[in-house]
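Undergrad: Please work out how this folds:
(chains A and B)
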Amino acid sequence: MPLQIITANELCIGKVIYLNASNIWVDNLTLARAYDIDKEGIDISNITNEVIKNNNVIGIYTISVRQNGNEIIPISMKERIRSLGPTVTPNMGFLPNSL
Amino acid sequence: MYRYDEFDNVLVNQRLQQFKGQVARRLSGELTEDEFKPLRLMNGLYLQLHAYMLRVAIPYGTFNSRQMHRLAHIARKYDKGYGHFTTRQNIQYNWPKLEQVPDILRELAEVEMHAIQTSGNCIRNTTSDPFAGAAIDEVEDPRPYCEIIRQWSSLHPEFSYLPRKFKIAVTGAKNDRAAIKLHDIGLRLKRNDAGELGFEVYVGGGLGRTPMIGRKTRNFLKTKDMLSYMEAILRIYNLIGRRDNKYKARIKILLHETKLEKLTRLIEQEWQKIKDGDLSLSASEIAAIKKIFHCTRLYHF
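TA: Predicted structure coming up:
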């Protein structure tokens, strides 16, 4: 099974966010925690059920990613675009900042 | 151009107050996202790939300079300084903040605009020819009929939970700049041999993942029958349109599956029951709506 990352949108502004290793939401994909389900034997639904109690996020789900050195790359094109911002021009989206 | 009457004002302001309360309850955690989602969609607020998106209706693509200024002001104050005018004559703001959406809707209401029925499975903003009222090739200005449709379809209780979204376009010209055959219902104003004004009616057009060209269900429909005939179409669609699969739920699929002859017959049967009822438009009612369009300095897009 590919590496998994937990993602959502921030409630107030809808910004794309990812869960990091400290269970804190960040808007930079490279800072996200990638779960190796096969190796770690983690039930990722337990984590999502826990963080869903946080009212400040919406639409929690997991995405499949691959690691290329320090880089995390979503497998689906949709999630790659979602992580990088609008394709029209690079500065049209939210600029990544740690929340 | 159209002006809100007392009903429009009350309706829009009531909805604004309701949504303001709903946003506050969502932000405080009183409402879950599952509870809030249908409420925000009823007010044109989507969550898209990168952020929220608010879609604002511009009825039949006509607005005045005050409204244009307000749209620009909203883009500057609440968004990133721009908005996206859509092919179906709405404007979309792509970066609104949830807590500010009630303020945006208040600013819109002040200039007689709103985002009601710009999303969800209901009758959407009626579109028209961008040159409506000024086109050399038009039989008659289609905007009064669009306005009649707007009044009929706004919060129509029977058609608030259709199988899928429903889009209507009206043109008064032979050159179809409103793309009427790509709408769930397309109306083209025409005159019959006796010189009477009426409509050619197309049903079941659409784009999306299954593009289809609308088919003609009536060659001539008198203007007085416009609403009753559309009500009959909507009733049949509401009754037998699929609800089990959103990709098969548009009226274009129903037409494709039912076939034109049978669907037309069902619509006609339903229409016969209601055609001389309350929805029959009198000449004076149509004339009263036409009167409010006798004004220049409007913007079309």
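
Undergrad: which residues does the residue nearest the centre of chain A contact?
TA: Centroid-nearest residue in chain A, with Cα atoms, centre = their mean: A:Y18, separated by 2.9 Å. By Cβ atoms under 8 Å, 6 or more residues apart in numbering or on different chains, A:Y18 lies in contact with A:5-7, A:25-29, A:31-32. Quick note: C-beta positions are derived from backbone N, CA and C, even for glycine.

Undergrad: and of those residues, the nearest to B:I149?
TA: Within the contacts of A:Y18, the smallest distance to B:I149 is 41.3 Å, found for A:T7 (Cβ to Cβ).

Undergrad: helices or strands next to the one helix or strand that closest one maps to in the packing?
TA: In this assignment (DSSP states H and E), A:T7 forms part of strand A:3-10. Applying 3 or more Cβ pairs under 8 Å, 6 or more residues apart in numbering or on different chains; DSSP states H and E, one finds that strand A:3-10 makes contact with strand A:16-19, helix A:44-51, strand A:57-68, strand A:71-74.

Undergrad: go again using 7 Å as the cut-off
TA: strand A:16-19, helix A:44-51, strand A:57-68 (3 or more Cβ pairs under 7 Å, 6 or more residues apart in numbering or on different chains; DSSP states H and E).

Undergrad: Just give me the neighbour total for residue 7.
TA: By default, I'm working from chain A. 23 (other Cβ atoms under 10 Å in any protein chain shown).

Undergrad: let's do chain B instead
TA: Neighbour number of B:F7 under other Cβ under 10 Å is 11.

Undergrad: re earlier: residues contacting the strand holding A:T7, please?
TA: Residues outside strand A:3-10 that contact it (Cβ atoms under 7 Å, 6 or more residues apart in numbering or on different chains): A:15-19, A:32, A:34-37, A:44, A:47-48, A:56-67, B:47.

Undergrad: roughly how far is it from the heart of the chain?
TA: 3 Å (Cα atoms, centre = their mean, to the nearest Å).

Undergrad: Number of residues surrounding B:L16?
TA: Neighbours of B:L16 (other Cβ under 10 Å): 19.

Undergrad: Need the CA coordinates for the host helix or strand of it. PDB is fine.
TA: In this structure, B:L16 sits in helix B:6-28 according to DSSP H and E. Presented in PDB, the C-alpha positions along helix B:6-28 are these (Å, rounded to 0.1, in the frame of the first residue of the first chain):
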ATOM      1  CA  GLU B   6     -41.400  44.000  -1.400                       C
ATOM      2  CA  PHE B   7     -41.400  40.200  -1.700                       C
ATOM      3  CA  ASP B   8     -37.900  40.000  -3.100                       C
ATOM      4  CA  ASN B   9     -36.600  42.400  -0.400                       C
ATOM      5  CA  VAL B  10     -38.200  40.400   2.500                       C
ATOM      6  CA  LEU B  11     -37.100  37.100   1.000                       C
ATOM      7  CA  VAL B  12     -33.500  38.100   0.500                       C
ATOM      8  CA  ASN B  13     -33.100  39.800   3.900                       C
ATOM      9  CA  GLN B  14     -34.700  36.900   5.700                       C
ATOM     10  CA  ARG B  15     -32.400  34.500   4.000                       C
ATOM     11  CA  LEU B  16     -29.400  36.700   4.900                       C
ATOM     12  CA  GLN B  17     -30.300  36.700   8.600                       C
ATOM     13  CA  GLN B  18     -30.800  32.900   8.500                       C
ATOM     14  CA  PHE B  19     -27.500  32.300   6.900                       C
ATOM     15  CA  LYS B  20     -25.700  34.700   9.200                       C
ATOM     16  CA  GLY B  21     -26.900  32.600  12.200                       C
ATOM     17  CA  GLN B  22     -26.000  29.400  10.500                       C
ATOM     18  CA  VAL B  23     -22.400  30.500   9.800                       C
ATOM     19  CA  ALA B  24     -22.100  31.600  13.400                       C
ATOM     20  CA  ARG B  25     -23.300  28.300  14.600                       C
ATOM     21  CA  ARG B  26     -21.000  26.400  12.300                       C
ATOM     22  CA  LEU B  27     -18.000  28.500  13.500                       C
ATOM     23  CA  SER B  28     -18.900  27.900  17.100                       C
END
